[in-house]
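Q: Next one to model:
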Amino acid sequence: MDLDAFPRQFARTRYFTLGVPGAVSVSPDGERVLFLRTHGGEDTVSCLWQLRLADGAAERVLADPAELRPGGDDGDIPEAERIRRERARETTSGIVAYSADEARQTVAFALDGELWVASAESLAGLPETQSARLVPAAGPVVDPQIDPTGQRVAYVTDGALHVVELADSSDRALAEPENEEVSYGLAEHVAAESFRDRGYWWAPDGQQLLAARVDNSPVQRWWIADPASPQTQPRAVRYPAAGTANADVSLHVLRLDGGRTQVRWDRTAFEYLIRAGWDAHGPLLAVQSRDQRTVLILAADQASGATTVLRTETDPAWVEIIHGAPLRTASGRLVWVADLGGSRRLMVAGDPVTPDGVQVREVLSADGETVYFTATQEPTEEHLWRYVPGLGTVRLSQEPGLHSGAAAGGTVVRLSHIEQGRTAAVMRPGEPDVPIACLDANPVLTPRITWLTVGERGLRTALLLPSWYRLGTRLPVLMSPYGGPALQRVVRARTAFFCEDQWFAESGFAVLVVDGRGTPGRGPAWDKTVFGDTITVVLEDQVEALQEVGAKYEDLDLSRVGIRGWSFGGFLAAMAVIRRPDVFHAASAGAAPHDQRLYDTHWRERFLGLPQDHPAAYDYCSPISSAADLTRPLLLIHGMADDNVVVAHTLRMSAALLAAGRPHQVLPLSGSTHTPTDEETLSHLLRHELDFFRAALGGMRTDEATAAAH
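A: Model prediction:
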């Protein structure tokens with residue numbers, strides 16, 4: 001075990017995400033699978049691949065950026081594409097997204113702002129280098145989408161929505177921005193962060209599109225700069241902070257003949273366009289009120305723009321948005337997810353089709369009348385499920401872990417992340433599974449997890465001890481939570497987080513990870529305990545689990561407890577060391593939203609309402625308000641280029657601590673966004689955190705830990 005090698009491996013593998021198949025889609029006949037994957041666990045360039053079941057399930061590259069653009073470095077991508085990738089937390093380069101026609105025969109993608117089209121049929125005999133061709137475009141290409149018939153491609157350039165005919169490369173603008181604050185076909189900031197990553201959708205006949213028009217002029221302008229590069233002009237961003245104006249979003253039917261119709265709903269009462277799409281039954285959309293307590297599912301008439309309410313969902317806290325819902329089956333039966341009887345249930349044509357106790361997490365697709373989805377029963381696991389009318393629901397994955405997938409034509413691709421690593425397989429009735437290669441790197445250390453359920457609420461907890469630990473060896477404790485609504489940490493998978501935790505454990509700590517109230521996977525009531533107060537019960541559960549585990553494992557030294565986290569986890573770490581210094585003795589807070597008023601409307605107002613209406617809640621849940629109470633060591637970390645949780649959060653927190661005379665450390669990450677990927681930055685950041693906790697809590701030196709590990 002090479003402890004010194006791990007931080008660099010962690011960085012070079014982009015958190016062990018490289019080499020993993022993603023963006024999987026299946027042809028309607030179930031015979032071909034398309035997916036994206038890099039060539040290995042440390043290769044950052046993503047390629048488009050195809051697997052043909054009729055050809056012995058051989059995997060072949062359909063498009064490789066190294067062959068299409070020799071010497072390309074991913075340095076010329078449009079600014080709008082950079083923003084889209086940041087919102088999606090995309091860590092690779094090359095082909096990071098693609099669009100395929102209905103038959104999965106022709107595929108469109110962007111590469112360094114250029115439009116490329118690949119033909120799946122070319123794999124039958126032509127060289128791989130002839131499988132893709134460059135298509136002329138009117139400008140730098142963002143989010144190209146091929147129409148379902150495979151005859152034309154739409155794309156966004158400079159805020160305008162264009163369509164290019166593949167037969168003759170003729171290009172036309174279907175919608176052009178009226179001014180520099182308007183765009184067509186792109187998702188606005190809160191949509192891309194919280195509920196929708198697309199801005200336009202093709203009609204099945206390829207003759208019309210449904211497109212969002214986004215007017216950002218009501219949204220306040222912020223400036224993102226890197227002080228380490230004073231020669232670089234600051235970047236203007238429209239950021240809708242809590243309590244301020246959102247973008248004005250409308251929806252339009254755009255026809256290839258130049259016709260245009262606006263889709264009508266009460267946009268004052270329902271300003272969030274959370275879902276949109278177009279199937280064989282026409283346009284389908286979902287809109288949400290500013291207070292997020294009401295969602296309308298609407299069918300739209302493409303000729304008149306009139307809408308009809310298909311379903312209304314309400315909740316006294318908020319209506320949860322589930323990715324992939326609503327949608328309609330081939331016959332037009334409406335599929336969505338609703339909170340009923342303590343469970344988040346799949347609804348088909350008005351009836352709940354999943355049993356109580358199954359928490360639906362995502363709706364994947366409808367294949368005819370069959371619906372595929374993921375759901376949780378045991379909170380540490382997420383499984384792939386299928387619903388068939390008349391037969392009910394069946395779970396398609398069995399091994400403990402996280403499972404998702406894609407399906408069409410009776411073929412199912414199962415993507416699994418388990419304790420042994422990642423796997424992918426093609427499943428067909430009556431046939432053996434066909435594996436898809438996962439090329440991710442094998443970590444230089446393996447998480448050694450003791451799974452625990454503690455306390456009266458059954459808090460799912462993971463304890464990681466050094467491999468060299470023996471009874472009687474007293475260890476300082478390092479808690480490593482996320483703790484918030486966006487993410488579970490205690491899952492039965494070999495996640496990058498657990499690998500990171502094990503590295504800290506091997507360095508001389510007992511690492512404790514706890515999912516408390518407010519984290520996903522336990523049902524609506526559990527989720528909504530944080531409504532109006534995002535810290536009290538969250539912190540209570542961390543303390544309860546620590547004390548329960550400490551009582552069971554006497555070698556855990558509860559007089560030396562640190563806590564570290566990123567984003568919400570960083571917020572929780574800062575609050576823990578300020579509010580409970582009797583329990584927590586040092587904290588590291590990375591990219592934390594310290595000032596609740598500085599975070600975006602949709603995410604923050606979901607839990608705390610409008611700051612104008614609930615100022616006390618915003619103050620109570622902001623560490624800045626309690627900065628003067630700090631008595632323990634605190635390390636603040638933040639990327640200077642972060643445009644999600646902007647660096648102003650940490651700067652304001654530091655200013656409040658300084659004004660109160662409270663010593664602390666600040667580590668700025670020059671050029672880093674919300675997800676640092678630079679190898680030097682990320683590897684040395686881990687070592688800096690380790691040194692901080694060793695100094696604050698005591699513990700082994702690096703040479704001692706390395707010797708113990710061997």
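
Q: Three-state assignment for residue 197, please.
A: Assigned by DSSP: H, G, I helix; E, B strand; the rest coil, the conformation of residue 197 is coil.

Q: now residue 502
A: Residue 502 falls in the helix class when you classify it by three-state DSSP.

Q: Could you count how many residues lie near it?
A: Neighbour count of residue 502, defined by other C-beta atoms under 10 Å: 25. C-betas here are computed from N, CA, C, even on glycine.

Q: so who does it touch?
A: By C-beta atoms under 8 Å, 6 or more residues apart in numbering, the contact list for residue 502 reads 445, 446, 447, 448, 464, 511.

Q: same question, residue 161
A: Taking C-beta under 8 Å, 6+ apart, we find residue 161 in contact with 154, 155, 173, 174, 175, 184, 185, 200, 209, 211, 254.

Q: domain assignment for the chain?
A: 18-149, 177-321, 329-440, 449-709 (automatic domain parsing).

Q: Need the winner for burial among these.
A: domain 449-709 (a mean of 20; mean count of other C-beta atoms under 10 Å).

Q: what comes into contact with whichever strand or helix holds residue 684?
A: Under the criterion of DSSP states H and E, residue 684 resides in helix 679-697. Helix 679-697 is contacted by residues 6-8, 10-12, 476, 478, 500, 503-504, 507-509, 560-562, 564, 585-586, 588, 632-633, 635, 637, 665, 667, 669, 671-672, 676, 699-702 when judged by C-beta under 8 Å, 6+ apart.

Q: at 6 Å what do you get?
A: 7-8, 11-12, 476, 507, 560, 562, 586, 588, 633, 635, 669, 672, 676 (C-beta atoms under 6 Å, 6 or more residues apart in numbering).

Q: which two from those residues end up farthest apart in space?
A: Greatest spacing in the contacts of helix 679-697, by C-beta to C-beta: 12 and 560 (32.1 Å).

Q: could I have stretch 162-169 exported to CSV, CA atoms only?
A: Presented in CSV, the C-alpha positions along stretch 162-169 are these (Å, rounded to 0.1, in the frame of the first residue of the first chain):
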residue,chain,number,x,y,z
HIS,A,162,-29.9,26.7,-35.8
VAL,A,163,-30.8,23.7,-37.9
VAL,A,164,-28.4,22.2,-40.5
GLU,A,165,-29.6,19.7,-43.1
LEU,A,166,-27.2,16.7,-43.3
ALA,A,167,-28.0,16.0,-47.0
ASP,A,168,-26.7,19.4,-48.3
SER,A,169,-25.3,21.2,-45.2
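
Q: Which positions within it qualify as buried?
A: 162, 163, 164, 166 (16 or more other C-beta atoms under 10 Å).

Q: would you turn those into TSV with pLDDT?
A: Putting those into TSV (pLDDT from 0 to 100) gives the following:
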residue	pLDDT
162	98
163	98
164	98
166	97
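
Q: Which of those sits closest to residue 347?
A: Closest approach to residue 347 among these (C-beta to C-beta): residue 163, at 35.6 Å.

Q: OK, contacts around the closest one?
A: Contacts of residue 163 (C-beta under 6 Å, 6+ apart): 152, 154, 172, 174.

Q: May I have the phi/psi pair for the first one?
A: Right, the one you point to is residue 152. Per-residue torsions, residue 152: phi -150, psi 160 (degrees, to the nearest 10).

Q: Ok, residue 575 next?
A: Taking degrees, to the nearest 10 as the convention, residue 575 sits at phi -60, psi -40.

Q: I figured it was touching residue 535, is that so?
A: Yes - Residue 575 lies in contact with residue 535 (C-beta atoms under 6 Å); the separation is 5.2 Å.

Q: related to what we said a few turns ago, which two from the contacts of residue 502 end up farthest apart in space?
A: Most distant of these, by C-beta to C-beta, are 446 and 511, 14.0 Å apart.

Q: host element of residue 538?
A: Using DSSP H and E, residue 538 falls in helix 536-552.

Q: From the contact counts, what lies against that helix?
A: strand 459-464 (3 or more C-beta pairs under 6 Å, 6 or more residues apart in numbering; DSSP states H and E).

Q: ok, 7 Å please
A: strand 449-454, strand 459-464, strand 510-515, strand 556-566, helix 568-579 (3 or more C-beta pairs under 7 Å, 6 or more residues apart in numbering; DSSP states H and E).

Q: Quick one: residues in contact with the first one.
A: Going back to what we said before, that points to strand 449-454. With C-beta atoms under 7 Å, 6 or more residues apart in numbering as the test, strand 449-454 has contacts from 460, 461, 462, 463, 464, 498, 545, 548, 549.

Q: which SS state does residue 646 fall under?
A: Quick answer, by three-state DSSP: residue 646 is coil.

Q: Enumerate every residue touching it.
A: Counting by C-beta under 7 Å, 6+ apart, residue 646 touches 222, 224, 598.

Q: For those residues, give me JSON lines that also has pLDDT and distance to residue 316.
A: Shown next, in JSON lines, are the contacts of residue 646 (pLDDT from 0 to 100; distance: C-beta to C-beta, whole Å):
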{"residue": "222", "pLDDT": "96", "distance to residue 316": "33"}
{"residue": "224", "pLDDT": "91", "distance to residue 316": "37"}
{"residue": "598", "pLDDT": "97", "distance to residue 316": "27"}
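
Q: just the residues you listed now: which is nearest residue 281?
A: Among the contacts of residue 646, and counting by C-beta to C-beta, the member closest to residue 281 is residue 222, at 41.1 Å.

Q: where's that closest one relative to residue 243, distance?
A: 15 Å (C-beta to C-beta, to the nearest Å).

Q: can you check residue 58 too?
A: 56 Å.

Q: what about the helices in the protein?
A: Taking DSSP state H, the helices of the chain run over residues 6-12, 65-68, 79-87, 189-194, 496-506, 524-527, 536-552, 568-579, 601-608, 615-620, 648-659, 679-697, 702-709.

Q: could the ones you listed be laid out in TSV, adding distance to residue 21 and mean pLDDT?
A: Formatted as TSV, the helices of the chain follow (distance: least, C-beta to C-beta, whole Å; pLDDT from 0 to 100):
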stretch	distance to residue 21	mean pLDDT
helix 6-12	19	95
helix 65-68	17	92
helix 79-87	19	86
helix 189-194	24	95
helix 496-506	17	98
helix 524-527	30	96
helix 536-552	34	98
helix 568-579	28	98
helix 601-608	30	98
helix 615-620	42	98
helix 648-659	36	98
helix 679-697	24	96
helix 702-709	33	64
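
Q: could I get the ones you listed as TSV with distance to residue 370?
A: What follows is these, written out as TSV (distance: least, C-beta to C-beta, whole Å):
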stretch	distance to residue 370
helix 6-12	40
helix 65-68	36
helix 79-87	31
helix 189-194	29
helix 496-506	33
helix 524-527	26
helix 536-552	38
helix 568-579	36
helix 601-608	32
helix 615-620	44
helix 648-659	45
helix 679-697	42
helix 702-709	50
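
Q: Next one: the closest residue to residue 210 other than its chain neighbours from residue 545, what distance?
A: Distances taken as C-beta to C-beta, 6 or more residues apart in numbering place residue 201 nearest to residue 210, at 4.7 Å, with adjacent residues excluded. Between residue 201 and residue 545 the distance is 44 Å, computed by C-beta to C-beta.

Q: go on, residue 352?
A: 33 Å.

Q: just residue 121 next, same as before
A: Distance, residue 121 to residue 545, by C-beta to C-beta: 56 Å.
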